[in-house]
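Student: Any chance you can model this:
(one chain, ligands or ions: 1)
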Amino acid sequence: MSTPSHPALNWPRTDGDPSRWPETQPPSNTDWYYEDVPLSDPKYKLYEQKTGEFLAQRLGLPVDASQQRVPMPKHYRLFAHRKRQPDNSIRTDFYLFGSANTLKFRSVPEFLEHAFWLMDTSRSLDDHSQCLCPYSKNGKARKSLTGTSSIKRGSSTSPLKEGPMKKKKVAATQSEAEEEDGLAGVVPERAEELTSQRRFRRGELIWFRINNIDPPAKLKGMGLTPLTHWPGLVAQVPLKTRVLQSGDVASASSSTAWTLFGGAPPTALQPTKPDVVQYYEYHIRPLGMFSPSDEIIKHGKDLLPWSIGSELLAGEKGWDAIGHQAENYLREGVKKEAEGYKGRSLDELEALIGIGQKWRANWAKRLRFSEMPWEWDAAVFRLSIALKTAHGITNAWTQTDKIDILPQDTDITEDDMKLIMSQKKTLYQGLWWGGERIWLEDMVRLKKHRSDLPTDDILPPTEGAEDRAVFLKIRVIAIEVSQDQAQINETAWRCVLYGDVFELAMEGANDQLPTPITSNGEIPVMSVYNAPKGFVYRQLNDPDSEVTVDIIDVAGRVYPDLLDSATQSWFVDPSRPSDSAKRVTPGDGALALMGLKTGGLVASKSEDWKEDLWTIVQQSSKVCETKLKEWYVRLLREALGLPKENRKENGSNGASVHKP
Ligand SMILES: [Zn+2]
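Tutor: Now for the predicted structure:
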């Protein structure tokens, strides 16, 4: 047992209990295990030194605080958590175990207030709520800025759309560097989705490929194309492993195997053996009033981003035509339905079908997608509903995964801390925007045209960059009280993103690739930012500054390898023009999604803020079906000669079926 550097740093008491230690195991085949950390380990030294320094300051000891050290309290012990990563490397996180009041401390900063509570005998050891650590009822849980942090100095907002960008200075805080344990504060889904660099994320709205449904011959010349894709939501994306038999074509090489199974191997997930391939299996929930438990399984290469929609089903005109087809189908169908009720009295009819009792059974049966009659009319009817539901989803947005911050968080500037503590500013890890999942650390496309960027703080464009998109690497997602509208009685909020701006430049000699966001040496979640072939991201703002952007300036996610023929089966890959069988030529929309055309070409304009993704999806589906059902009831009552229904709800004027 080592002794503290100063007599006042002897622990007067401890809440330590060896039964709180985790089970340790030798390295084994399991995915993770705990290991004892020897007292000589530098990690121990770090805890002892930082805790000593903190306590010396708090206790006001007349010594050089930075030279102090204190052993951990009795029955406290450091453990190394080793976890096998998908690429077979081992990640290590250190945790301090032993406290009877919490499972573990994940970093030195988490432990400091708890240490002071142990020192301060004026606060009862039996009442942990008097402690100010994140695990006390009075402390705020630190979910935190770990891996996401380093808020740079300065915080007043100046969104791109309203004027010149705000220059910000970087705070030179290197001292807290080594203390944080990697990705501790990052929600697992964000970590997984950013590190895997999977094209589609859970919850996203996408198109999936279906077997073609051709319009009947009589409808020729109406601008209709075969139905080739259907809107759906990504429900699950399990990683699958398949062992290839020697006879499989794909066993020839693992790269062919990847192509066969729908995608390029993510960098972090190379096959472990030559005869085993790993691939993502997308489980999709189709839109259009299907059974809520129904899921379709697709390979990644049969999926396309929702925002490519202008290039599918003949674009806007085609979608309108689908809407009209669906209207006709319902109108004709209602006539037939009405004939079936002939000879009944008005009262009988009213009881039977008056307010749409037959809607579900006759029109909106919760089929499985595979049970849908594979013919034009029925499919078009449901597709039009799916399109409108999807439209509702893209119109909505919300922020997710709030980041809790401790008052003593050293990464936060004083001004920002004031705003955060007075709840005028809140930080988040993610967003739902236009049916897409956007995470902190993502590179996103902006709507701004390159030539509209202010020129004072920003580099001039390289050749051709004016025709391409402008990008933001998101460092902070904040919801803030809007300064502009603060004088009005009600509080107005806005969502502001902080980060660096980029353009796409031709690959060249002096490329400076964007570095993943690191906070004082911490491990970033995002490992690398891929640009389309032949291009690099070129940072436009000074490294000592950053920009702020209002969420409405975000066009959406960027898909740099969207047209790669190995990862999608629909478009001709410009780098392999000969492989054009059963593929279509991509238009500007596809290029815009890659960042090769200006962001405004394909951009989300989500205006309805909602509570969460569940609400977004539920309401979009419900609103859409309710309107259609109202229209159905009106048509049916008309056809049966029933009086117009007295609507209870006011302001509802029924449905317009077309225009998805
Ligand atoms: Zn505590």
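Student: Surely Y632 is in a strand?
Tutor: No: assigned with DSSP: H, G, I helix; E, B strand; the rest coil, Y632 falls outside any strand and is helix.
Student: Confirm for me that it is in contact with G356.
Tutor: Yes: assessed by C-beta atoms under 8 Å, Y632 is found in contact with G356 at 6.3 Å. In this view, the C-beta of every residue, glycine as well, is placed from N, C-alpha and C.
Student: Check which residues of stretch 312-332 are buried.
Tutor: Buried residues in stretch 312-332, counted by 16 or more other C-beta atoms under 10 Å: 312-314, 318-327, 329-330.
Student: So which residues make contact with the host helix or strand of T398?
Tutor: Element membership of T398, judged by DSSP states H and E, is strand 396-403. The contact list for strand 396-403, computed with C-beta atoms under 8 Å, 6 or more residues apart in numbering, reads 143-145, 148, 185, 187, 190, 426-434, 477, 479, 495, 551, 604, 606-613, 615-616, 619-620.
Student: In ChimeraX, select just the buried ones from those.
Tutor: Selecting only the buried entries of the contacts of strand 396-403 in ChimeraX, with 16+ other C-beta under 10 Å as the criterion:
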select :143,144,145,148,185,187,190,426,427,428,429,430,431,432,433,434,477,479,495,551,604,606,610,613,616,619,620
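Student: Would you state the helices of the stretch 201-350 of the chain in chain order?
Tutor: Taking DSSP state H, counting those that start in this stretch to define them, one finds helices in the stretch 201-350 of the chain at 254-260, 315-339, 346-353.
Student: Minimum distance to the ion: which of these has it?
Tutor: helix 254-260 (49.0 Å; C-beta to the ion).
Student: State the mean pLDDT of the closest one.
Tutor: In this model, helix 254-260 has a mean pLDDT of 42.
Student: give me phi/psi at F54?
Tutor: In terms of degrees, to the nearest 10, the main-chain angles of F54 are phi -60, psi -50.
Student: do G600 as well
Tutor: Per degrees, to the nearest 10, the backbone of G600 is at phi -60, psi -20.
Student: again, but for V617
Tutor: Torsion angles, degrees, to the nearest 10, at V617: phi -70, psi -50.
Student: so what's it up against?
Tutor: 233, 393.
Student: Strands of the stretch 101-250 of the chain, residue ranges please.
Tutor: Using DSSP state E, counting those that start in this stretch, the strands of the stretch 101-250 of the chain run over 205-213, 227-236, 239-243.
Student: Would you format the ones you listed as a markdown table with mean pLDDT included?
Tutor: Listed next are the strands of the stretch 101-250 of the chain as a markdown table, based on pLDDT from 0 to 100:
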| stretch | mean pLDDT |
| --- | --- |
| strand 205-213 | 97 |
| strand 227-236 | 96 |
| strand 239-243 | 75 |
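Student: Flag every residue of the chain that's near the ion.
Tutor: 114, 131, 133, 136 (C-beta under 5 Å from the ion).
Student: mind redoing it with 6 Å?
Tutor: Proximity of the chain to the ion is confined to 101, 114, 117, 128, 131, 133, 135-136 under the rule C-beta under 6 Å from the ion.
Student: Can you add distance to L596 and mean neighbour count and give the strands of the stretch 101-250 of the chain back as JSON lines?
Tutor: Shown next, in JSON lines, are the strands of the stretch 101-250 of the chain (distance: least, C-beta to C-beta, whole Å; neighbours: other C-beta atoms under 10 Å):
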{"stretch": "strand 205-213", "distance to L596": "20", "mean neighbour count": "19"}
{"stretch": "strand 227-236", "distance to L596": "22", "mean neighbour count": "21"}
{"stretch": "strand 239-243", "distance to L596": "30", "mean neighbour count": "13"}
